[in-house]
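[1] Show me the folded form of this:
(chains A and B)
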Amino acid sequence: MNLTLHIWRQKNEKSPGRLVKYKVENISPDQSFLEMIDQLNQGLIEKGEEPVAFDHDCREGICGACSMVINGVPHGPQRGTTTCQLHMRKFRDGDTLYVEPFRARAFPVLRDLVVDRSGLDRIQQAGGYVSVNTGAAPDGNAILVPKAEADTAFDAASCIGCGACVAACKNASAMLFIAAKLGQLAHLPQGQPERTRRTVAMVEQADREGFGSCTNYYECEAVCPKNIPARFIAEMNRDYLRAALLSREFDAQKPPAGDDT
Amino acid sequence: MPTSTPPASAAAERKSDLRLDAKVPGGPIAAKWRTYQSQLKLINPANKRKYTVIVVGTGLAGASAAASLGELGYSVECFCFQDSPRRAHSIAAQGGINAAKNYQNDGDSVFRLFYDTVKGGDFRAREANVYRLAEVSNLIIDHCAAQGVPFAREYGGTLANRSFGGAQVSRTFYARGQTGQQLLLGAYGALNRQIQAGRVRMHPRTEMLDLVMVNGQARGIITRDLCTGQLARYTGHAVVLATGGYGNVFYLSTNAAGCNVTATYRAYKRGALFANPCFTQIHPTCIPASGEHQSKLTLMSESLRNDGRIWVPRRAGDTRRPEQIPEAERDYYLERKYPSYGNLSPRDIASRAAKQVCDEGRGVGPVVAGRARGVYLDFDDAVRRLGKDTISQRYGNLFDMYQKITGEDPYQTPMRIYPASHYTMGGLWVDYNLMSNLPGLHVIGEANFSDHGANRLGASALMQGLADGYFILPYTLGHYFAANKLAPVTTDHPAFADAEQQVAERTGKLLGIKGRRSPDSFHRELGGLLWDHCGMAREAAGLQQALQRIPELREEFWHNLRVQGDSGELNQELERAGRVADFLEFAELMCRDALDRQESCGGHFRSEHQTEDGEALRDDERFCHVSAWKYEGPGRPPELVREPLVFESVKLAQRSYK
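    Below you'll find the predicted structure:
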């Protein structure tokens, strides 16, 4: 296969970027999308040009590092698939492809296709866990979890933290990501004691990071490489509303007056 | 205990003055750890925050260690090269985690898990460490369940189990095909909680490039910020390496692209001993390479072997489609050769058997580099017996992944699999406290050598990473602090300046060569060389050939490398070049170790040493020891130091899975 690529090139966070046109030839349909970029890069190095920087690591769809927008769609045209698992047999000889970084105010571009997604980490630091110290656990089977609940928790837990949901959303909202993290623990008995606190803390942190609000476009669900359903967002909204109406922990999460961090 | 006679190799002829003390406590094996725990010295809770621990790596071992140490009150500086600690390669583990819970009432026990692990490792692991691993395995399941790890459950709400290679009990806990991700997210959550509490400072996109020794103690590291290129010095009272294995030395492996040997290899160059580097695991069930463009190989969980049957055509050169080959013309070679374990034979055995049938010309799938390298993993029987729904429940995500990569539907046509480099049992030498021979330098998880001997059983890597990080290091590290006097050290110490300067010079050198070949092209060539000569089967002539070729390749690297860009920016080629440079040195150590070990054991198969029917032939008289290598300076052969392995609780036997 021969392809024409338009790839976003940007030297660093501060400099402006632009789309640069490249041709790649003799691509095998069995190559992954990243292996196609590898081939482009080897060619660039041989010509003495700087290769395209992009995040990738496991190349088997689970680490969540790869993050390209291909022809306007995060992770490209195949549903439920990360860029690293997207194979060139999904494209046709002669295609023209536009490859851009995940774009959002909360994801500054560091170089070319590499963006800073540390905001997602900080959201989880705000409360995305069960507070149990090592050594404090009862026997594994002392906590019974009905299979259906365990399966639902797992569906949410399969989120790989890639940020495609943010990149696809016109509000750059991280709500599907947060809802997946919350949904896992909300469906398990272990997650109940901190459920309200966790919901409020993570949602508020997302606001501080500059992620937008959800206005129910469901673009996130459409691009999620793990097919996480948007109904987890509804569950999250319910928990957040309940906290706002009933919980004393809601105000406790608000920063003190005059503190705008 | 038989004493080892030194084999004839240049390195071994020098007399070692270094004695390795594994510091294994006395007493019966079942009581060692508990007794030892009660004797370990403690640090007052109010004083713990005065101790800084540097943890490098955030996979299962590193994240669990950093979190647990933070919970205890220590100050932790934690580093990973990925953009988020959650992306460390433990995330990709699929199959499961072992524990001796005996929830299935099928006769499991701590002793049985211990015995299976020692036997699976072909009696080349340290007995006391393995027993402790089996002992704490149950605590891991309890802790992870309490964290909210969504393990598979039965309808009654209890935890589900499945069986795995090398065991005849069902002791593997799992979370669909994502056990690694779910366990790592648990540890990452615990780590996040400590970051939020201010007890762990997290440094993502930061790579450790050297270890700093002060007055004979490990007291710090030099790092490079991968976004800005800035070098930095960090000091602590101890350094913990949780930097994973070196399987990427083969270029094609199931490891993530970033996995590397750099942290452990640089520690080796600072005096830490590297143990059993030739013990590498080739995993039998990976998707075969589809062409020359291949950048990595994808693992298909070993759990598939529970229901899949492995076969090749009986006749060499049979190019019919699998469904056109009648039952009588198929060779279910694992079931034929190993009737009692069959498709669940341990990894090393299943891998070699696959290589053997492909070498006979009976491989299936595309011909890459002159040979079809693949065998069928067939679910036809299982689908007929259990129904498509059950199979899809068990393996749905793995089947989807296979289809995405190959474009073939495994419900319709058998999967094709072939062995690939997957895990490395070798690593930095550690004692019972998980401390290397360098005081203060602790090594946990895949980065150390201790628990898997010459072959790791499935679902044991996750167990070991979490055992080390949650339940062992937090005890032994406190003891190290309490028992040793650690003078205050700042980053102004000349040892830091020296190390930083060396790192800077090396970076400058990599950028200054301005040759013609990319780091990747050297890595690919090195990987091919090792796969041929130090892969699934090894022999003296091939290893000697590799030992001659590697220095030549390294020489070319340092004269003909091309790295674009400069050091003060995000430069992925520069990162890669540094890692390939280390692989080019480390590969030699690996081949040297493989040449020295004139026996076959576990994943180390020397063709000269096999039984009549082609099984690994150990030599307990001469090689019942750990081979630990000591760096002697550039251009000089390393010194071999042996730790004899003494087995008091198990009898050495030839492994049989027939």
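
[2] which helices and strands sit right next to the helix or strand harbouring B:D116?
    Assigned by DSSP states H and E, B:D116 belongs to helix B:110-120. Under the contact criterion of 3 or more Cβ pairs under 8 Å, 6 or more residues apart in numbering or on different chains; DSSP states H and E, helix B:110-120 touches helix B:127-147. From N, CA and C alone the C-beta is placed, and that goes for glycine too.

[3] And the next helix or strand past the helix it packs on?
    strand B:172-173.

[4] Give me the contacts around that next one.
    Strand B:172-173 is contacted from outside by A:140, B:95-99, B:141, B:151-152, B:159-164, B:179, B:303, B:458-459, using Cβ atoms under 8 Å, 6 or more residues apart in numbering or on different chains.

[5] and if you look at stretch B:520-527?
    So stretch B:520-527 is contacted by A:38, A:42, B:249-252, B:550, B:553, B:556-557, B:561, B:576, B:580, B:583-584, B:587 (Cβ under 8 Å, 6+ apart).

[6] swap in stretch B:579-590?
    B:246, B:248-249, B:260-262, B:265-266, B:268, B:274, B:277-278, B:280, B:426, B:506, B:510, B:519-520, B:522-523, B:526, B:529-530, B:534, B:546-547, B:550-551, B:553-554, B:557-558, B:629, B:638.

[7] Name the spans of chain B whose pLDDT lies under the cut-off.
    B:1-17 (pLDDT under 70).

[8] mind running it again at 80?
    B:1-18, B:165-166, B:397, B:613-614, B:654-658 (pLDDT under 80).

[9] Need the buried ones from the contacts of stretch B:520-527 selected in ChimeraX.
    In ChimeraX, a selection of the buried entries from the contacts of stretch B:520-527 looks like this (16 or more other Cβ atoms under 10 Å in any protein chain shown):
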select /A:38 /B:249,250,251,252,550,553,557,561,576,580,583,584,587
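
[10] returning to that earlier point: filter the contacts of stretch B:579-590 to the buried ones?
    Taking 16+ other Cβ under 10 Å as the criterion, what is buried in the contacts of stretch B:579-590 is B:246, B:248-249, B:260-262, B:265-266, B:268, B:274, B:277-278, B:280, B:426, B:510, B:519-520, B:522-523, B:526, B:529-530, B:534, B:546-547, B:550, B:553-554, B:557, B:629, B:638.

[11] among these, which are in strands?
    If you go by DSSP state E, the buried ones among the contacts of stretch B:579-590 have B:F274, B:T280, B:W629 in strands.

[12] Dump those residues to JSON lines, plus distance to B:G120.
    Output for those, formatted as JSON lines (distance: Cβ to Cβ, whole Å):
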{"residue": "B:F274", "distance to B:G120": "23"}
{"residue": "B:T280", "distance to B:G120": "15"}
{"residue": "B:W629", "distance to B:G120": "24"}
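
[13] Would you tell me which one of those residues comes nearest to chain A?
    The shortest approach to chain A among these belongs to B:T280, at 19.3 Å (Cβ to the nearest Cβ).

[14] residues touching the nearest residue to that closest one once chain neighbours are set aside, list them.
    In space, and not counting its chain neighbours, B:T280 is closest to B:T424: 5.0 Å by Cβ to Cβ, 6 or more residues apart in numbering or on different chains. By Cβ under 8 Å, 6+ apart, the contact list for B:T424 reads B:G245, B:Y246, B:G247, B:P277, B:F279, B:T280, B:Q281, B:E446.

[15] ok, so of those residues, who is nearest B:G236?
    B:E446 (21.9 Å; Cβ to Cβ).

[16] Let me know the secondary structure of that closest one.
    Following DSSP: H, G, I helix; E, B strand; the rest coil, B:E446 is assigned to helix.
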